[in-house]
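**Student:** show me how the following folds:
(one chain, ligands or ions: 2)
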Amino acid sequence: MGAGSSSSVAAGTRRKGVRGWMAEAGDALVSVFFPAGCRICNRPLTGASRVPICEECLASFGAMPKEICEVCGRPLAAFAGNEGVTSLCPACVDKTYAFERARSLAVYDGALVQAILLLKFEQIEPLGAWLAGRLAELVGAEGGKLAADVVVPVPLHRQRERERGYNQAALLSKPLAKRLGLPHKAVLLMRTRARPDKRILTLEERWKSVRGAFATRPGSQVDNLRVLLVDDVLATGATLDACARALRAAGAKSVIGLTVARAVRNPLPSSDTW
Ligand SMILES: [Zn+2]
Ligand SMILES: [Zn+2]
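**Tutor:** Ligands and ions are numbered 1, 2, ... in the order given. Sure, this is the predicted structure:
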């Protein structure tokens, strides 16, 4: 809505009182039910959903392959000859991660990349809620494997969160906690060291940049809790691993990572065979 139309609504409100107010409310309803178009493909949006992405784009998110590492959830097809022999990827055979298990909703590709950007930079809460619904279904489908006592978002460094005004991981973890009927602890974990400004990090730099970069907030109760740790994207697993180490050091019983997207082509640092 341009400045012209909002000032005319304001003028109408002054002139017409209740009728003007109703017109304004009507405008709000129209913008809820008939937004501009799909934010990914621009197709007109139908229906009453507040998610600004069309059903075709939402349906195009690539499901994870069936054969995944039992621990970290990485697709196993990348390991030739492993199928049927082991359900662990080489990193998990080496016990690389401090989290007990990690799962993701879909492959980080295509329309999902755009959706994650919308969530990250435009704070589209209805999209976070929609994705949280799919994550809740995933938790349900995995039975007891992803059982937890508390839901925690992967934190941003406080300076970054202040600049952005919100933490995109919390746009997922908060509605997810509600759906699962679990407490949401947004401030249990904190990032004590910011990510380097450099945009592209090598694998080694990625691991270095997060090692020891998280801590539990003094006085927070983690003892013996099973923590469900939520983030938007899992790439190397280094961030979830660093968070899990901080939580385990503070006494957490177990940590389970849950992300919307999984960058499946990302190699691991501990293996030189890729
Ligand atoms: Zn679309
Ligand atoms: Zn694994």
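**Student:** any idea how far stretch 206-222 is from the chain center?
**Tutor:** With CA atoms, centre = their mean, to the nearest Å as the basis, stretch 206-222 stands 18 Å off its chain's centre.
**Student:** now do the contacts for the residue in the stretch 151-274 of the chain positioned nearest to ligand 2.
**Tutor:** With CB to the ion, the shortest gap between the stretch 151-274 of the chain and ligand 2 falls at Gly237, namely 8.1 Å. Where C-beta positions appear, they are placed from N, C-alpha and C, glycine not excepted. Residues near Gly237 by CB atoms under 8 Å, 6 or more residues apart in numbering: 72, 91, 96-97, 99, 102, 257, 268.
**Student:** equivalent analysis for Glu100, please.
**Tutor:** 71, 254-256.
**Student:** just the buried residues out of those residues, in ChimeraX syntax.
**Tutor:** Buried subset of these, written as a ChimeraX selection, criterion 16 or more other CB atoms under 10 Å:
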select :71,254,255,256
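**Student:** in TSV: the contacts of Glu100, plus pLDDT, distance to Ala169 and secondary structure.
**Tutor:** Shown next, in TSV, are the contacts of Glu100 (pLDDT from 0 to 100; distance: CB to CB, whole Å; DSSP: H, G, I helix; E, B strand; the rest coil):
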residue	pLDDT	distance to Ala169	secondary structure
Val71	96	21	coil
Ser254	97	19	strand
Val255	98	14	strand
Ile256	98	14	strand
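**Student:** where does the chain have low pLDDT?
**Tutor:** Within the chain, the segments meeting pLDDT under 70 span 1-35, 78-86, 265-274.
**Student:** return the residues of it in contact with ligand 1.
**Tutor:** 38, 40-41, 43, 54, 57 (CB under 5 Å from the ion).
**Student:** distance of Leu225 relative to His184?
**Tutor:** Using CB to CB, to the nearest Å, one obtains 13 Å as the distance from Leu225 to His184.
**Student:** actually Arg226, not the one I typed
**Tutor:** Between Arg226 and His184 the distance is 15 Å, computed by CB to CB.
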